[in-house]
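# My questions are about this predicted structure, shown below with the sequence.
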Amino acid sequence: MASAELLRTPEQTAPWELGPPPHPLRHPVRAVAWLVTCMAGCLTLIMLVALLAAVPVLNLLALGWMLDAEGRVARSGRLHDGLPWLRVVPRLGAAAIGIWAWLLVVRLVAFAAADAALVDPGSTTAIAWERTRAIVAAGVAVHLLFALAAGPSPLAFIRPIHNIRRVVRAVRAGTLWSASAAAVGRLSDVLAPGKTFRLGVGGFLGGMAWVAVPTLLFAMPRISDRPIAPLVSLCGGILLALALMWVPFLQAHYAATGRITAFIDVALVREWFRRAPFAMLMALLLLLILTVPLYVLKIVVPPRDAVWLLTPLFVLLILPGRLAVGWAVSRAMARPDQASLATRVIVSFGCWAALTAYLAILFLAPMVAALGTRILFDHHAVLLPTPFL
């Protein structure tokens, strides 16, 4: 399957993509603008995924985005290949910030017009403010259209004359519509919402198929007070530990190949553990460790408005573990020979120790979590990156 080289072909370069950084000494203003654009893009990327993660059904897009990143790293072995959107999203970040800033101007003028109409309806001042609001709104709309057509950047939103000149030149050359269509097409190809959503649905269903029944058994003492409930919970814990040991890597396999049958290829995952045991162990540890704070955040259910503030933290904590899993899978596929038996035994003890500690925390979580037993079924390490739903 194609790897990251497909992302670097010349025909995929579009006006909305972020180019290499300018020399800070030769072009200091452009270098600062490039840095601001890059930071805005990273922030936009995180906020976009966080917003998707907080909305039912759309959170499958957030899961698909993480799985896509994981699969890209698994195919290429390079962590930076897991975020190809950073070549395009910085422009979106600049556009989002620029649009927000100018719409803020419109809102301030609208508030002033509303206050004038409230204090003295029909007066000359109120009419003047209403006309000012209409003029400002129309002017801002035209300015934003030219800024977007010229290629969104921090400087584009503060240089209206420059934008008009660029657009006029493009119209005269007959390249405006073709360039705009190419930029939109490139953006659609990189973000690929349809493919990402399907990847999220498959990843969720495959992960849920593995963890649903073991989790139900694991939660039995909190569901039933029968004497056999603790024994059932112990069996469920063992099954859940096995599932959590395999599912992250099965999901990476699914993300890299796109085949839903990858979720039953346990033999391949076990072979990967034999080839690169320490890499697989480190990836599993990172994924589990970064997931634990997410359960701590659920001790109290915050107000609905505050949930949107917590979701970016969920994305930031889950994504590194996903990328690490993809990297470990890549290392395992690149190694033809198995590690020594002693190494595999040590790693096996490490995996079981880590999973035992994780399940102990998970078992105690319902005692302090506001969501109660339902928190056991969240499994942020393999399911949705969702705070409270």
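Thanks, I have it.

# Tell me how far the helix or strand that contains residue 252 lies from the chain's centre.
Element membership for residue 252 (DSSP states H and E) is helix 229-257. Chain-centre distance of helix 229-257: 23 Å, with C-alpha atoms, centre = their mean, to the nearest Å.

# Show the subsequent helix or strand relative to that helix.
helix 266-275.

# residues making contact with that following helix?
Contacts with helix 266-275, where a contact means C-beta atoms under 8 Å, 6 or more residues apart in numbering, come from 246, 249-250, 253, 280, 328-329, 332-333, 335-339, 344, 347. Every C-beta, even on glycine, is put in place using the N, C-alpha and C of the backbone.

# so what pLDDT did residue 23 get?
You'll see residue 23 listed with a pLDDT of 73.

# before we move on, the earlier item: could you say what helices and strands the helix holding residue 252 packs with?
Helix 229-257 sits against helix 59-76, helix 193-218, helix 220-223, helix 266-275, helix 277-296, helix 304-334, helix 341-368, with contacts defined as 3 or more C-beta pairs under 8 Å, 6 or more residues apart in numbering; DSSP states H and E.

# Next, format the ones you listed as TSV and append distance to residue 44.
Putting the helices and strands packed on helix 229-257 into TSV (distance: least, C-beta to C-beta, whole Å) gives the following:
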stretch	distance to residue 44
helix 59-76	13
helix 193-218	16
helix 220-223	41
helix 266-275	35
helix 277-296	22
helix 304-334	11
helix 341-368	33
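
# Can you say which of those is nearest to residue 122?
Closest approach to residue 122 among the helices and strands packed on helix 229-257 is made by helix 304-334 (37.7 Å; C-beta to C-beta).

# Report the buried residues of the closest one.
Within helix 304-334, the residues that qualify as buried are 310-315, 317-319, 321-333, counting by 16 or more other C-beta atoms under 10 Å.

# and residue 299, helix, strand or coil?
coil (DSSP: H, G, I helix; E, B strand; the rest coil).

# burial measure for it, as a count.
12 (other C-beta atoms under 10 Å).

# Please name the nearest non-neighbouring residue to it.
Closest residue to residue 299 apart from its sequence neighbours, by C-beta to C-beta, 6 or more residues apart in numbering: residue 368 at 5.3 Å.

# Surely that neighbour touches residue 297?
No - Residue 368 lies out of contact with residue 297 (C-beta atoms under 8 Å); the separation is 11.6 Å.
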